[in-house]
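A.B. asks: Take this sequence and fold it.
(one chain, ligands or ions: 1)
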Amino acid sequence: MKSTYHLPVPEHVAIIMDGNGRWASAQGLPRTEGHREGAKAVRRAIEGCCRLGVKTLTLYAFSADNWKRPRAEVSALMLLFRHYLLTEVEECRKEGIRISVIGRRDRLPGTLLPLIDEAERETRGGTRLHLRLAVDYSARDAIFTAARRVSSAEELSKELGPDVDLLVRTAGEQRLSDFLLWECAYAEMVFLQQCWPDFDEDSLADAVAQYRGRVRNFGAVPVTAAVG
Ligand code: FPP
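C.D. replies: Here you go, the predicted structure:
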C-alpha cells in the first residue's frame, strides 16, 4: 500500500502547553491542580518523543508574560519547576535526555538557579533527546538579545537554536504567543482541541502523523513540478 507520509519524523517538535486552567476548572479544581496534571503530561510527551525518534523537544513552560498571573499561581508554577528538576533529572540522565532551560534567568527565584545549572550539567552528555524548557521566555526578547551578538541571519539562527519542524498547541488556541518566532519560520503547525493535562503519547503520534502527511517546499516548487 502506498504511504501517504511525505515527511520523516520531525527532528524538532515544539509545544505550547495550553489549557491547564480550563482542565482544572472543568473538574471543579483550582488552576494549580491543572498545572500539576500538566507536569505528568510533560513526562508522556518526553516518552513519546523518545519512542518516535524526535531529537529536540522544546516546551513552553512559562512565558515572560506569565508574570502577570496572580502571585499564588506564579509561586505554584515555580515550585512545580523546582519539584520537576529535583525529581526528574536523574531519570533524564539515565535515559540519555539532555535538559536545557531557555529564557531569562535574572527574574527566576534564586532557589531554582542552582537546580537548573545542575540539571544542565548532569544531563549534558545526553544524545537521545534534547529537552529544552522555556521558562521566563519571550521570543522577541531572545531575538533582540541574540541579534546584538551576531552579524548575519545564519549566525542568529545558530545562536537561537534549531528551526522548529512541528509546532503543537493544545486547548484549541491558534497563536504563537511570543514562542520561538524566528525558529518557527517554516514550522508546520498542529492545533489540538484537548487541554494539555489530557495530552498523551497518542496525541503526539497523531500530531506527528499530521505533520508527516504535509508537503514542505520552503518556498520552492515540488521537485516533480520543477521542469518545464
Ligand atoms: C498554560 O495553561 C500553561 C502554563 C502557563 C504552564 C505550563 C506548565 C506546566 C505544564 C507545568 C509543568 C511544567 C514543567 C516543565 C514541569 P493555562 O494555565 O494558560 O491554561 P488556561 O488557558 O486554560 O487558563
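
A.B. asks: Angles on the backbone of the spatially most central residue of the chain, please.
C.D. replies: Closest residue to the average C-alpha location of the chain: residue 59 at 2.1 Å, with CA atoms, centre = their mean. Dihedral pair for residue 59: phi -110, psi 130, per degrees, to the nearest 10.

A.B. asks: wait, it sits on residue 43?
C.D. replies: No - here residue 59 does not reach residue 43: they are 11.2 Å apart, not a contact under CB atoms under 8 Å. Glycine gets a C-beta too; all of them are placed from N, C-alpha and C.

A.B. asks: now residue 12: how far from residue 61?
C.D. replies: 17 Å (CB to CB, to the nearest Å).

A.B. asks: before we move on, what about residue 4?
C.D. replies: Relative to residue 61, residue 4 is positioned 34 Å away (CB to CB).

A.B. asks: Specify which residue of the two has the higher count of neighbours.
C.D. replies: residue 61 (25 against 8; other CB atoms under 10 Å).

A.B. asks: wait, does the strand or helix carrying the more buried one contact the ligand?
C.D. replies: Assigned by DSSP states H and E, residue 61 falls within strand 56-63. Yes - Strand 56-63 reaches the ligand (CB under 6 Å from any ligand atom) through 59, 61.

A.B. asks: Which other helices and strands does the next helix or strand after that strand contact?
C.D. replies: Moving toward the C-terminus from strand 56-63, the next helix or strand (DSSP H and E) is helix 71-95. Applying 3 or more CB pairs under 8 Å, 6 or more residues apart in numbering; DSSP states H and E, we find helix 71-95 packed against helix 31-52, strand 56-63, strand 97-102, helix 112-122, strand 129-137.

A.B. asks: which other residues reach the shortest one?
C.D. replies: It refers to strand 97-102. The contact list for strand 97-102 (CB atoms under 8 Å, 6 or more residues apart in numbering) reads 46, 50, 58, 89, 92, 116, 119-120, 123-135, 137, 142, 161.

A.B. asks: Can you select the buried ones among the residues you listed for me in ChimeraX?
C.D. replies: Listed next is the ChimeraX selection for buried residues among the contacts of strand 97-102, using 16 or more other CB atoms under 10 Å:
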select :46,50,58,89,92,116,119,123,126,129,130,131,132,133,134,135,137,142,161
